[in-house]
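> predicted model, plus sequence, below.
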Amino acid sequence: MSEGTAVTSGDAIENLLSEARTFAPPAEFVAQANFSDEAIFAEAAADPEAWWARWAARLDWMTPFETVLDNSDAPFAKWFTGGELNVSQNCLDRHVAKGHGSRVAYHWEGEDGERRSYTYDDLLDLTERFANVLLGLGVQKGDRVAIFMPMIIELPAAMLACTRIGAAHSIVFGGFASSALAERINDADCKVVITADGGWRRGKQVRLKELTDEALLSTPTIEHCVVVQRLGDQLDHPLGWVEGRDKWWHELMADAAPHADPTPMASEDLLYLLYTSGTTAKPKGLMHTTGGYLTGIVASMEMVFDAKPLTDVYWCAADIGWVTGHSYIVYGPLALGMTSVLYEGAPDWPAQDRNWEIVERYGVTILYTAPTAIRAFIKWGDHLPAAHDLSSLRLLGSVGEPINPEAWMWYHRVIGGERCPIVDTWWQTETGHHMIAPMPGITHTKPGSATHAIPGIDAAVVDEAGEPVPNGHGGLLVIRQPWPGMARGIWGEGGRERYQHTYWSKWPHLYFAGDGAKLDSDGYLWLLGRVDDVMNVSGHRISTMEVESALVEHESVAEAAVVGMLDELTGEAIAAFVTLNDEGSDGRDEAAVRAALLEHVAERIGKFARPRLLVFTQGLPKTRSGKIMRRLLKDIAEGRAIGDTQTLQDAAVVEQLQATVNALRA
Ligand code: WT7
């Protein structure tokens, strides 16, 4: 952790903690809740291993596990060792075997209005055939398969096909640039990449194959590229094709044998890699394994979402490219045999009531979305949800960033009709599943608080010495005991040390999440945002270092400093302070350089990483030892009065920066 940059300003923290409203679970909800007795908190805490073993028993094991938890190589915990299972079998075959094959797994809706429902029978068929396709392409157990796809049914099918044959998938969110895709493919030595000819996003075609082609110019390990035909003759741009390497999904599937037995996987076999940003420029490929991960997902679906497979229509309105989608669009709902909605596009296309139209059309009962989306809905107006029948909803979820009390109250009132509990779920790519969240039939919620750790999870807020803080105090969020869905490390050479160093070096035996938190006087947990150099833009995690290194790569940049600044809509927005090279400075067109730099960041990382505020400056504020003072830059970006500048090398830089930012804002 570098010098602490508290994400939330002092005022915001005070506002949060003066939040006094509490909401008891509605009686009708409690009456039907999966859990309504708070004794389970104590029961789980008394014997966490027995607790998780009971959840693990809900899965189909090909070979029963012998040991629940082996933490002899801490912090690299092993769960359910000796056991063997297959994730696709748990997500598909076992439901079909119980006679639920005709149950809808996904109501899929394309952004362009196309609609189709896929049953568990359908999804199993796609999965088995594609498993054979992968085998035919030479993919073997333990290999890595890269996936760069839109939100279409072939995406979960491809994931499940990987797990069926024991290959690990590495999904790259479709908003990433080609170089980000290439970097991730190369880090994991992926053998095959699966993509599509494109997808729809806000009425525009996302050129996934084109980006993949660019990436594949520098990925020596890729042997084949499988392309789903999503756009077909609607395609508005030329489609590149490399004979021998590129194969159409539908052609391969037409020739594939219909049955593929699920491969037994050891509980600790790799299920997938998912790259996420840390405090360095290099993304980390977090490793998730099989038995523990699926156990934690299933448990949290039932505890936090109160999932009822027979009657719920569940919609997690995230993208499968992020961990939320892995856990709560694909593996969680399928492991329980739920019926879900899978929506390809944007919530404001073709109109800003698209989400409410979808809720009404399918009778969605559980809706899971992000605060940034909720704030956009608020801005678009109450008349939009009011025009739709949302009475099917019974539970609302929030994820990705702290939810501000106003957004919480709006969600509760306008979307939930004051009858739906809200579960604000704190977790991370690293944790695999929910960690801190209300139990909707038990917990009295407070708008803006994620409340408490779920049963079986041991979270605490600690001070610098690693000691728990008393109620009413703030500190850093840690997890004190291993949990089943925890990441098992970081992929690649040096990954073991990197994992240990990143999460476990501040205090021995405590997992440090990177978030600041506070306990209120009732012991409720309030998340206060990251304390490291990680930004959270619309729930997307991105490190300041990644954006900085993209900027300094550009020929006209001498130095760059990037900070997150508070933003009403996206939670945080990216602010960049850039010193340009002297060369070519005569008569330089600043507007053109600005545009070029934004484009460069989009090309290196993705459009979502483009700075909102880009300030050119002669110098950056530094300490006498030469460290860039990010906290100060944050104050400047957020237009706050700045405190003591005595430690600065050059106080004039600060005044000048403030003037520049104010001028840009005016
Ligand atoms: C970071 C993890 C969890 C899936 C989506 C993001 C922030 C996440 C909450 C919440 C406050 C939250 C944290 C965390 N975060 N959920 N309910 N309240 N903050 O996954 O990209 O791994 O990011 O998102 O800062 O560390 P991720």
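Right, received. Where do you want to start? Residues are numbered from 1 along each chain as shown.
> what about the closest residue to Leu613 other than its chain neighbours, how many neighbours?
Closest residue to Leu613 apart from its sequence neighbours, by Cβ to Cβ, 6 or more residues apart in numbering: Ala575 at 4.1 Å. C-beta here means a position set from N, CA and C on the backbone, and glycine is covered the same way. As a burial measure, Ala575 scores 25 neighbours (other Cβ atoms under 10 Å).
> who's Ala575 bridged to?
Val563, Leu613 (DSSP bridges).
> check whether stretch 369-389 contacts the ligand.
No. If you take Cβ under 6 Å from any ligand atom as the test, stretch 369-389 misses the ligand, and the best it gets is 7.8 Å.
> what's the span of that stretch, first residue to last?
The first residue of stretch 369-389 is 18 Å away from its last residue (Cα to Cα, to the nearest Å).
> still on that earlier bit, what's near enough to touch the residue nearest to Leu613?
Val562, Val563, Gly564, Met565, Pro611, Arg612, Leu613, Leu614, Val615, Leu633, Lys634, Ala637 (Cβ atoms under 8 Å, 6 or more residues apart in numbering).
> how about Ala215, what does it touch?
By Cβ under 8 Å, 6+ apart, the contact list for Ala215 reads Phe148, Ser178, Ser179, Leu181, Ala182, Ile185, Val193.
> these two touch, right, Trp380 and Arg354?
No. Judged on Cβ atoms under 8 Å, Trp380 makes no contact with Arg354 at a distance of 10.5 Å.
> compare those two and say which is more crowded by neighbours.
Arg354 (18 against 15).
> how many neighbouring residues does the nearest residue to the more buried one once chain neighbours are set aside have?
Sequence neighbours aside, Pro347 is the residue nearest to Arg354 in space, at 5.5 Å (criterion: Cβ to Cβ, 6+ apart). By other Cβ under 10 Å, 19 other residues sit near Pro347.
> pretty sure Pro347 is in a strand, no?
No. Read with DSSP: H, G, I helix; E, B strand; the rest coil, Pro347 is coil and lies in no strand.
> so how far is Leu286 from it?
Separation of Pro347 from Leu286 (Cβ to Cβ, to the nearest Å): 28 Å.
> repeat that for Pro150.
The gap separating Pro150 from Leu286 is 23 Å, by Cβ to Cβ.
> which bits of the stretch 451-600 of the chain sit near the ligand?
Residues of the stretch 451-600 of the chain lying near the ligand (Cβ under 6 Å from any ligand atom): Ala513, Gly514, Asp515, Leu527, Arg530, Asn536, Gly539, Arg541.
> and this structure, split by domain according to the record?
Residue ranges for the domains of the chain, per automatic domain parsing: 120-263, 533-665.
> winner for burial among the ones you listed?
The highest mean neighbour count among the domains of the chain, using mean count of other Cβ atoms under 10 Å, belongs to domain 120-263: a mean of 20.
> for Lys627, see how far away the residue nearest to Leu613 is.
18 Å.
> repeat that for Thr263.
In this view, Thr263 and Lys627 are 51 Å apart by Cβ to Cβ.
> also Glu243?
Distance of Glu243 to Lys627, computed by Cβ to Cβ: 53 Å.
> again with Val534
Applying Cβ to Cβ, the value for Val534 to Lys627 is 18 Å.
> tell me which parts of the stretch 251-400 of the chain are close to the ligand?
Proximity of the stretch 251-400 of the chain to the ligand is confined to Thr276, Val323, Thr324, Val399, Gly400 under the rule Cβ under 6 Å from any ligand atom.
> what about 8 Å?
Residues of the stretch 251-400 of the chain lying close to the ligand by Cβ under 8 Å from any ligand atom are Thr276, Ser277, Ala318, Trp322, Val323, Thr324, Ala370, Ser398, Val399, Gly400.
> please flag which of these sit within helices.
Val323, Thr324 (DSSP state H).
> what stretches of the protein score poorly on pLDDT?
Residue ranges of the chain with pLDDT under 70: 1-19, 584, 644-647, 649.
> how far away is the residue nearest to Leu613 from Ile636?
Distance from Ala575 to Ile636, by Cβ to Cβ: 8 Å.
> and what of Val534?
Distance from Val534 to Ile636, counting by Cβ to Cβ: 20 Å.
> before we move on, back to that, Throw the residues of the stretch 451-600 of the chain next to the ligand into a markdown table and include secondary structure and distance to Ala487, thanks.
Putting those into a markdown table (DSSP: H, G, I helix; E, B strand; the rest coil; distance: Cβ to Cβ, whole Å) gives the following:
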| residue | secondary structure | distance to Ala487 |
| --- | --- | --- |
| Ala513 | strand | 12 |
| Gly514 | strand | 13 |
| Asp515 | strand | 16 |
| Leu527 | strand | 19 |
| Arg530 | strand | 17 |
| Asn536 | strand | 19 |
| Gly539 | coil | 19 |
| Arg541 | strand | 14 |
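> let me see the contact set for the residue lying closest to Glu638 once chain neighbours are set aside.
Distance criterion Cβ to Cβ, 6+ apart; nearest residue to Glu638, sequence neighbours excluded, is Met565 at 4.9 Å. By Cβ under 8 Å, 6+ apart, the contact list for Met565 reads Glu572, Ala573, Ile574, Ala575, Arg612, Leu613, Lys634, Ala637, Glu638.
> can you tell me the closest non-neighbouring residue to the residue in the stretch 201-350 of the chain positioned nearest to the ligand?
Using Cβ to the nearest ligand atom, the single residue of the stretch 201-350 of the chain nearest to the ligand is Thr324, 4.5 Å away. In this structure, Thr324 finds its nearest non-sequential neighbour in Ala318, 4.0 Å apart by Cβ to Cβ, 6+ apart.
> quick one, phi/psi of the residue in the stretch 51-200 of the chain that the ligand sits nearest to?
Going by Cβ to the nearest ligand atom, the ligand is nearest to Phe173 of the stretch 51-200 of the chain, at 10.4 Å. Backbone torsions of Phe173, given as degrees, to the nearest 10, read phi -50, psi 140.
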